[in-house]
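Colleague: need a structure here:
(one chain, ligands or ions: 2)
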Amino acid sequence: MKLLPKSGVAGFIKELSKTREVVAPVSDGESYAVFKSVAPGETPIIDGSRFILSPRSWFMPGYEVLFETKDGEIVDKTPETKAYATIGLYLADAHALEVFDRVFLDGDKPDPYYNARRADNAIFALVPAKKRWSVFWGMTGNVCDWKKACDVVMYDLGSEFVMEPMTDRGAELTKSLADADDSKKAAADALLARYDEGEVDVKAIGERLMWDNPKWEEVSRKCVACGVCTYGCPSCSCFDMRDDLKCGGAERYRCLDSCQHADFTLMGSGYNPRPGRMPRTRQRLLHKFKYQPEQFGMIGCVGCGRCVELCPVGIDIRKIVGGKETK
Ligand code: SF4
Ligand code: SF4
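Modeller: Ligands and ions are numbered 1, 2, ... in the order given. As a prediction, the model looks like this:
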């Protein structure tokens, strides 16, 4: 393990940016931090001092042109594959990228747009010093296993980060840092253990969330179908594709969509299999906790807590999967 004093973060990023485009949470000082390419002189927020929106907005932008037409020709808009380093996403977010990989990279036709940002991206994932009240990583899986999704795990010990390389690439990118002694390693392990609490039986969650449970009606009654829980989620991957005319041609673009919106499943025929809030709430939960474990062998929720904090009516997914609202 290595040590990175917080006073040395700017220098570390400057050095890293000589070989990689650095992506990290940045805030305008007033609002949430969002993931973006770090411009020279910009200071990313990786100390947990501000609510950080999901890195999904960078890996899968809310609006992305796939191709356009110009003078009757198709112009491909697949982004260039570059060397990136993504710093300061939570360890849970790094695991959420594994869910994304199943969706976008498995099969014989990987998504080239996602792949361009993912293929050579060194992941520096954070274990924050302070556990936010909404976080429940340990309820959704084995947190120690998630380290395998990272190149480097960064443990925030207050005035410094303990940096644990998990891959050869991570070791190479941190080799200039000083070694951490045993007491720092022990502190890093103790910090991670705080996030690993509350592990539950994944299979039992899936079995408890039954399709015909009468409680779904009750859970969904409060929902106002705003979709924020899905837009803020690091592992929600649903999108829409649209074609639009524009001056001199047309474009096909991909944009975020949400299973919580009434028209998400509206078909061209006018039929909608999920017209009401109850089947949409049920779908969100069953997809994450029943269908994705069956499909991918992993839960589609990583316990980041963003939906808990963002929901305007206080619907708390922990109570639902914990059983209080579905038993
Ligand atoms: S806690 Fe909510 S926002 Fe976070 S991964 Fe789970 S469902 Fe998504
Ligand atoms: S954030 Fe809350 S109110 Fe909005 S769609 Fe999700 S559960 Fe419903």
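
Colleague: going along the chain, name the helices of the stretch 101-250 of the chain.
Modeller: 112-118, 168-174, 182-195, 202-208, 215-221, 228-231 (DSSP state H, counting those that start in this stretch).

Colleague: which positions in the stretch 201-327 of the chain make contact with ligand 1?
Modeller: 232-235, 288, 301-307, 317 (C-beta under 6 Å from any ligand atom). Glycine gets a C-beta too; all of them are placed from N, C-alpha and C.

Colleague: so which of those is the most crowded?
Modeller: Val302 (30 neighbours; other C-beta atoms under 10 Å).

Colleague: comparing the helices of the stretch 101-250 of the chain, which yields the minimum mean pLDDT?
Modeller: Here the lowest mean pLDDT among the helices of the stretch 101-250 of the chain goes to helix 202-208, at a mean of 72.

Colleague: just the CA trace of it, in CSV.
Modeller: Written as CSV, here are the backbone C-alpha positions of helix 202-208 (Å, rounded to 0.1, in the frame of the first residue of the first chain):
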residue,chain,number,x,y,z
VAL,A,202,-29.0,-12.0,-1.6
LYS,A,203,-31.2,-14.9,-2.4
ALA,A,204,-33.5,-14.2,0.5
ILE,A,205,-34.1,-10.6,-0.7
GLY,A,206,-35.0,-11.8,-4.2
GLU,A,207,-37.4,-14.4,-2.7
ARG,A,208,-39.0,-11.9,-0.4
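
Colleague: quick one: list the elements packing against that helix.
Modeller: Applying 3 or more C-beta pairs under 8 Å, 6 or more residues apart in numbering; DSSP states H and E, one finds that helix 202-208 contacts helix 292-296.

Colleague: the helix it packs on - contacts with which helices or strands?
Modeller: Against helix 292-296 (3+ C-beta pairs under 8 Å, 6+ apart) you get helix 91-104, helix 202-208.

Colleague: distance check, the residue of the stretch 101-250 of the chain found nearest ligand 1 against Thr78.
Modeller: In the stretch 101-250 of the chain, the residue that lies nearest ligand 1 is Cys233 (3.2 Å; C-beta to the nearest ligand atom). As judged by C-beta to C-beta, to the nearest Å, Cys233 and Thr78 stand 25 Å apart.

Colleague: and if you look at Tyr63?
Modeller: Per C-beta to C-beta, Tyr63 is found 16 Å from Thr78.

Colleague: same check, this time on Cys238
Modeller: On the measure of C-beta to C-beta, Cys238 and Thr78 end up 21 Å apart.

Colleague: more crowded one of the two?
Modeller: Cys238 (18 against 12).

Colleague: can you show me the strands along the chain?
Modeller: Taking DSSP state E as the test, the strands found in the chain are 2-5, 21-26, 34-37, 63-70, 73-76, 84-90, 121-127, 152-156, 160-165, 178-179, 239-246, 249-256.

Colleague: and of these, who's closest to ligand 2?
Modeller: strand 249-256 (13.4 Å).

Colleague: off-centre distance for the closest one?
Modeller: On the basis of C-alpha atoms, centre = their mean, to the nearest Å, strand 249-256 sits 23 Å off its chain's mean C-alpha point.

Colleague: paired strands for it, with orientation please.
Modeller: Strand pairing for strand 249-256, using DSSP bridges, gives strand 63-70 (antiparallel), strand 239-246 (antiparallel).

Colleague: next one: the last one to chain centre, how far?
Modeller: Offset of strand 239-246 from its chain centre (C-alpha atoms, centre = their mean): 24 Å.

Colleague: what do you get for the first one?
Modeller: Distance, stretch centre to chain centre, for strand 63-70: 25 Å (C-alpha atoms, centre = their mean).

Colleague: please apply the same query to stretch 267-281.
Modeller: For stretch 267-281, the distance to the chain centre is 26 Å (C-alpha atoms, centre = their mean).

Colleague: for that stretch, the averaged confidence score.
Modeller: The pLDDT scores in stretch 267-281 average 92.

Colleague: and that stretch, end to end?
Modeller: Separation of the first and last residues of stretch 267-281 by C-alpha to C-alpha, to the nearest Å is 19 Å.
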